[in-house]
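> Mind folding the following:
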Amino acid sequence: MIMKFMSRRAVLIAGTLMAAAACGAADDSSSSGNASVDNAAVEEMVLGADDAPVTIIEYASWTCPACLQYQNDVVGQLKEEYVETGKVKFIFREYPTAPANIAVAGFAVARCAGEDQYFDVLGELFERQRGILSLAREGGQVKAALKQVAANHGITDDASFEACLQNSDIRRAIASSVSKGENDGVTGTPTVLLNGQVLPGYEWRRWDGMKAVLDEALGEDAPAATNTAEEPEAAPEADSTSESGDMEIVEPTSGEADPE
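A predicted model of the protein is given here:
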């Protein structure tokens, strides 16, 4: 499954986030516990050397099943073999998918944990994706699950957690990421750009395909990837975005697929 959506929906997400940011709490850049919520100055989430010859930009959501598959199949090896060796600069840009309020809350926690922990939090969110989405469908305690993720990365009290969710600068940063995706032609997640160009097809969503793409860009010899990847069947997506600008996590009632 690849998460696809119309650009109107992405614009709505960005608009919702910006509206929420405009009327955010007065004390939304406070800090407490062991982690600060004032991390909005760091807008781009980057791994790797600035002078790496290849730049990869990934637009994804931790609530997107196709993104989880890509995370498991590709991202770990990409970081180990290309980012950590100085060959690739990796930029992750948030592009929330349904349930959007939950996706945004998770991204906010990752940003609140700080630049040095962002990717660790993101990894845990992906690991917990199935469990958290199951809670959302069954009317479970999604907020408690996200609080546990936050606590695992230094956001240890309720005040810090709530301040994180209400931090208007962090919402602006996520809205900026969505807007950049619109400008880059993102129509679904995951979308990956190599040196500013959207990668076509689906071969890059397997490790052998991505490795071949990277080696070609780096001028290195690599065996051709087997052309067996096909576009997964798209699943219907419930739009959980609200135009109210309220970022509160809505716990769904039992039986609802996605919170409104």
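> Contact partners for the nearest residue to residue 149 once chain neighbours are set aside?
Computed as C-beta to C-beta, 6 or more residues apart in numbering, the closest residue to residue 149 that is not its neighbour in sequence is residue 124, at 5.5 Å. C-beta: built from backbone N, CA, C; applies to glycine. Counting by C-beta atoms under 8 Å, 6 or more residues apart in numbering, residue 124 makes contact with 149, 152-153.
> Closest to residue 115 out of these?
Top of the list for closeness to residue 115, among the contacts of residue 124 and by C-beta to C-beta, is residue 153 at 12.1 Å.
> Check the gap between the closest residue to that closest one other than its chain neighbours and residue 163 for me.
The shortest distance from residue 153 to any non-neighbouring residue, by C-beta to C-beta, 6+ apart, is to residue 113 (4.2 Å). If you measure residue 113 against residue 163 using C-beta to C-beta, to the nearest Å, the figure is 13 Å.
> Lowest average confidence across helices and strands of the protein, where is it?
For the chain, scoring each helix and strand by mean pLDDT, DSSP states H and E identifies strand 31-32 as the least confident one, at a mean of 41.
> ok, back up a step: narrow the contacts of residue 124 to those that are buried.
Burial of the contacts of residue 124 was assessed by neighbour count (16 or more other C-beta atoms under 10 Å); the buried members are 149, 153.
> for the contacts of residue 124, which one is nearest residue 208?
Taking C-beta to C-beta as the measure, residue 208 sits nearest to residue 149 out of the contacts of residue 124, at 31.9 Å.
> picking up where we left off before, pretty sure the residue nearest to residue 153 is touching residue 151, no?
No: judged on C-beta atoms under 8 Å, residue 113 makes no contact with residue 151 at a distance of 10.4 Å.
> higher neighbour count, those two?
For residue 113 versus residue 151, neighbours defined as other C-beta atoms under 10 Å are more numerous around residue 113 (27 against 17).
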